[in-house]
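Undergrad: just coords:
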Ligand code: RNT
Ligand code: ZN
């Protein structure tokens, strides 16, 4: 047979792949449809190493670090928006953009306890032009008043400053939700912690809870915004203790009926967030995920299509919880082309979700119920070699994004023409 007779077109390959999945009882069209309706929140801070636009000499503090010095960091709002637009054009499916308060658009300096919706108006205009949703974050770190903590600080004046910040962020989140017509999730992460084991580990936690209670006191329309709290095991300089641990925030979110954020990098190295989702779903209507990749510690590496990212998505889909678990990414890699870093992580996150949506979950559940353990194990393993890349490429093409292997040249060109000139 000549080579041309054996080479499939992309359409023929997709037809074959679809038939393979159909034989397993999986409808590829409905999997792609579901994926195409699932928003992924793109963290704006990957574009500029979490520095923001509050001041030209900003320093990242709070026990997090963007390591690397690759050229091309976005230095202005315009550059960051251009970079996000480029990244989004290479990521199939709907995007939200996740903002921090220090990405405000203001002519002069604005104190964090004086932030107003108007400082984010141009972000809402831009998001609406592009059809992006917006998410938001309180920003307790990278500020002289939070060098030794924020919401749990022993000084009532410092706590009051950050409580006011939190309240203002809620108003901004509600505004962004209203402007975009999509609910804005407001994530609260406070870096407070200690290098040494404190004698008093209870006091800071009681103060943290009381501060948060003040912040979330005013009921706001859940269709516009929802609060979520993010726990952490430790940070740089807070190795021994953080008041906002997992147990703390799990209890807090449950009793205050707000959302809980699980960051994949915020647990012990062998502790996986994929194993926590359904336990929490028994008691919480909704969760927010920070999809990330820890390497030895909360190192915020670019998300890979690795076992844990796949397992997270399998758990979400098997529990039929895509409407209850919001997906956001959180990493900051300054050692490679930052736009490509966004694209690689986002495509991997979405790919992991597609792979999960292509699992014959009802068949597997039935086998499991019948005690066919070997059948389940075989099917799970064989799912790994199903032609899922062909379905992914089709998804990309039907959503206006380049398929695998076709987008990287676009990212390189953008680097040559734009990033490298900065
Ligand atoms: C830090 C948390 C938090 C931040 C962002 C910048 O450990 O993960 O989510 O990464 O708010
Ligand atoms: Zn996070």
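TA: Now that the structure is in, tell me what you want to look at. Since we're looking at a predicted model, the values are computed, not measured. Numbering: from 1, shown residues only. Ligands and ions are numbered 1, 2, ... in the order given.

Undergrad: Please make it C-alpha for all contacts and neighbour counts, starting now.
TA: OK.

Undergrad: Out of the helices and strands in this structure, which is least certain?
TA: Across the helices and strands of the chain, mean pLDDT, DSSP states H and E gives its lowest value to helix 3-6, namely a mean of 64.

Undergrad: who are the neighbours in contact with residue 102?
TA: 51, 52, 53, 54, 139 (CA atoms under 8 Å, 6 or more residues apart in numbering).

Undergrad: could I get those as JSON lines with distance to residue 389?
TA: Listed next are the contacts of residue 102 as JSON lines, based on distance: CA to CA, whole Å:
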{"residue": "51", "distance to residue 389": "36"}
{"residue": "52", "distance to residue 389": "36"}
{"residue": "53", "distance to residue 389": "39"}
{"residue": "54", "distance to residue 389": "42"}
{"residue": "139", "distance to residue 389": "38"}
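
Undergrad: Filter those residues down to just the ones in helices.
TA: Taking DSSP state H, every one of the contacts of residue 102 sits outside helices.

Undergrad: Can you turn the buried part of those into a ChimeraX selection?
TA: Burial among the contacts of residue 102 is assessed by 16 or more other CA atoms under 10 Å; the matching ChimeraX selection reads:
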select :51,52,53,54,139
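
Undergrad: Out of the contacts of residue 102, which comes closest to residue 163?
TA: residue 139 (11.3 Å; CA to CA).

Undergrad: if I look at that closest one, how far off is residue 380?
TA: Distance, residue 139 to residue 380, by CA to CA, to the nearest Å: 42 Å.

Undergrad: Same question for residue 77.
TA: Taking CA to CA as the measure, residue 77 and residue 380 are separated by 45 Å.

Undergrad: who does the top helix by length along the chain touch, helix- and strand-wise?
TA: If you go by DSSP H, the chain has its longest helix at helix 156-180. If you count contacts as 3 or more CA pairs under 8 Å, 6 or more residues apart in numbering; DSSP states H and E, helix 156-180 packs onto helix 121-130, strand 133-137, strand 184-188, helix 202-215, strand 225-230.

Undergrad: Using the three-state scheme, assign the closest residue to residue 43 other than its chain neighbours.
TA: For residue 43, ignoring the flanking residues on the chain, the nearest one in space by CA to CA, 6 or more residues apart in numbering is residue 98 at 4.7 Å. Following DSSP: H, G, I helix; E, B strand; the rest coil, we place residue 98 in the strand state.

Undergrad: Pull the contacting residues for residue 98.
TA: By CA under 8 Å, 6+ apart, residue 98 lies in contact with 41, 42, 43, 44, 134, 135, 136, 137, 328.

Undergrad: before we move on, could you check phi and psi at the second one?
TA: Yep, that's residue 42 we're talking about. Reported as degrees, to the nearest 10, the phi and psi values for residue 42 are phi -90, psi 120.

Undergrad: What's the separation between it and residue 211?
TA: According to CA to CA, residue 42 and residue 211 sit 28 Å apart.

Undergrad: and these two? which has more neighbours close in?
TA: Using other CA atoms under 10 Å, the more surrounded residue of residue 42 and residue 211 is residue 42, with 27 against 23.

Undergrad: partners of the more buried one in the sheet?
TA: For residue 42, the residues forming beta bridges with it (DSSP bridges) are residue 97.

Undergrad: Would you check that it makes contact with residue 329?
TA: Yes: between residue 42 and residue 329 a contact is recorded at 5.9 Å, counting by CA atoms under 8 Å.

Undergrad: mind checking the end-to-end distance for stretch 265-285?
TA: First-to-last residue span, stretch 265-285, CA to CA: 23 Å.

Undergrad: avg pLDDT for that stretch?
TA: Taken as a whole, stretch 265-285 has a mean pLDDT of 97.

Undergrad: what's in contact with it?
TA: Stretch 265-285 is contacted by residues 231-234, 254, 257, 259, 262-264, 287, 292-294, 296-300, 308, 311-313, 315-316, 319, 324 when judged by CA under 8 Å, 6+ apart.

Undergrad: With stretch 179-191 instead?
TA: Against stretch 179-191 from outside (CA under 8 Å, 6+ apart): 62-63, 124, 127-128, 132-141, 149-151, 169-170, 173-174, 176-177, 222-231, 235, 242, 244, 261.

Undergrad: now do stretch 149-156
TA: Outside of stretch 149-156, the residues within contact range by CA under 8 Å, 6+ apart are 140, 158-159, 162-163, 190-193, 204-208, 211-212, 243.

Undergrad: do the same with stretch 288-304
TA: 65, 228, 235, 259-266, 269, 309, 325-333, 341-342, 344-346, 348-349.

Undergrad: I'd like to know which of those residues are buried.
TA: Using 16+ other CA under 10 Å as the threshold, 65, 228, 235, 259-266, 309, 325-333, 341-342, 344-346, 348-349 are the buried ones among the contacts of stretch 288-304.

Undergrad: Now, these that are in helices?
TA: Judged by DSSP H, helices contain the following of the buried ones among the contacts of stretch 288-304: 309, 341, 342, 344, 345, 346, 348, 349.

Undergrad: low-confidence ranges in the chain?
TA: Where the chain drops to pLDDT under 70, the residues are 1-5.

Undergrad: again, only using 80
TA: Flagging of the chain using pLDDT under 80 yields the residue ranges 1-6.

Undergrad: ok, which stretches of it are strands?
TA: For the chain, the strands defined by DSSP state E occupy 40-43, 95-100, 133-137, 184-188, 225-230, 259-263, 287-291, 293-295, 297-301, 325-329.

Undergrad: okay, those strands in TSV with distance to residue 384 next?
TA: TSV is the format used below for these (distance: least, CA to CA, whole Å):
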stretch	distance to residue 384
strand 40-43	24
strand 95-100	27
strand 133-137	33
strand 184-188	33
strand 225-230	32
strand 259-263	25
strand 287-291	21
strand 293-295	21
strand 297-301	24
strand 325-329	23
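
Undergrad: For residue 406, which of the ones you listed is the nearest?
TA: Using CA to CA as the measure, strand 95-100 is the one of the strands of the chain that comes nearest residue 406, at 20.2 Å.

Undergrad: Between strand 325-329 and the closest one, find me the angle.
TA: For strand 95-100 against strand 325-329, the angle by axes from the mean of the first three to the mean of the last three CA atoms, to 10 degrees is 70 degrees.

Undergrad: Would you mark the buried spots in strand 95-100?
TA: Of the residues in strand 95-100, 95, 96, 97, 98, 99, 100 count as buried by neighbour count, 16+ other CA under 10 Å.

Undergrad: Thanks a lot, catch you later.
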